[in-house]
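1. make a model of this:
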Amino acid sequence: MARTPLHLNRPVRTAATLASVAGIALLAGCSAGAAEADTATTGAASGTGTTTSGSAPATASAGGTTGGYVAGTYEGDGSYSNPHGNIEKVHVSMTITADGTVESVDVTGTTDGAESAQYQSLFIGGISDEVVGKKIDELNVTVVSGSSLTSGGFMQAVDAIEAEAAA
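-> Here you go, the predicted model:
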């Protein structure tokens, strides 16, 4: 088997590395731009409009305002990268009171991998015990039922929900 000297492969390796870095930078820029554009189009949270987490819409059905938040049910989306580099997504629906107490939470996950689906399922099964009855602005979910990566996407969605629900 003929081997190509390493110095001849250097341009190929360099081009591949530069293309990878450029792709990552492009994706990061798209994500930030989408979030800024979405925030700009929704304005201040009124509890009756829509907002986003990342590039997916979040919706709210509002109750009354008596504290720091508009009571109601809010939805948001978040994402995270699994160890294989695949992007996994979670959708969060959360009902909060006017003082910011979480009354209920429902999480659904989207993944193509069996291992990721298993971790999302563990997270979904244990998240209510971690957040219901607590203040939304005090949530800091890191690991639920052995799942640590899903919490990153969950907290993205919670951040969007908190911003939307703020009075």
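2. tell me the SS of residue 116?
-> helix (DSSP: H, G, I helix; E, B strand; the rest coil).
3. got the contact list for it?
-> 82, 86, 88, 109 (Cβ atoms under 8 Å, 6 or more residues apart in numbering). All C-beta atoms are positioned from the backbone trio N, CA, C, and that covers glycine.
4. hmm, 6 Å instead?
-> 82, 88 (Cβ atoms under 6 Å, 6 or more residues apart in numbering).
5. again, but for residue 161
-> 74, 76, 94.
6. ok, now how distant is residue 108 from residue 101?
-> 22 Å (Cβ to Cβ, to the nearest Å).
7. which one of these two has more residues nearby?
-> residue 101 (17 against 12; other Cβ atoms under 10 Å).
8. report all helices and strands that the strand ranked longest in the chain contacts.
-> Secondary structure of the chain read by DSSP state E shows that its longest strand is strand 70-81. Contact here means 3 or more Cβ pairs under 6 Å, 6 or more residues apart in numbering; DSSP states H and E; on that basis strand 70-81 packs against strand 50-53, strand 56-65, strand 87-96, helix 150-165.
9. weakest of those by average pLDDT?
-> Mean pLDDT is lowest for strand 50-53 among these, at a mean of 33.
10. done for today, thanks.
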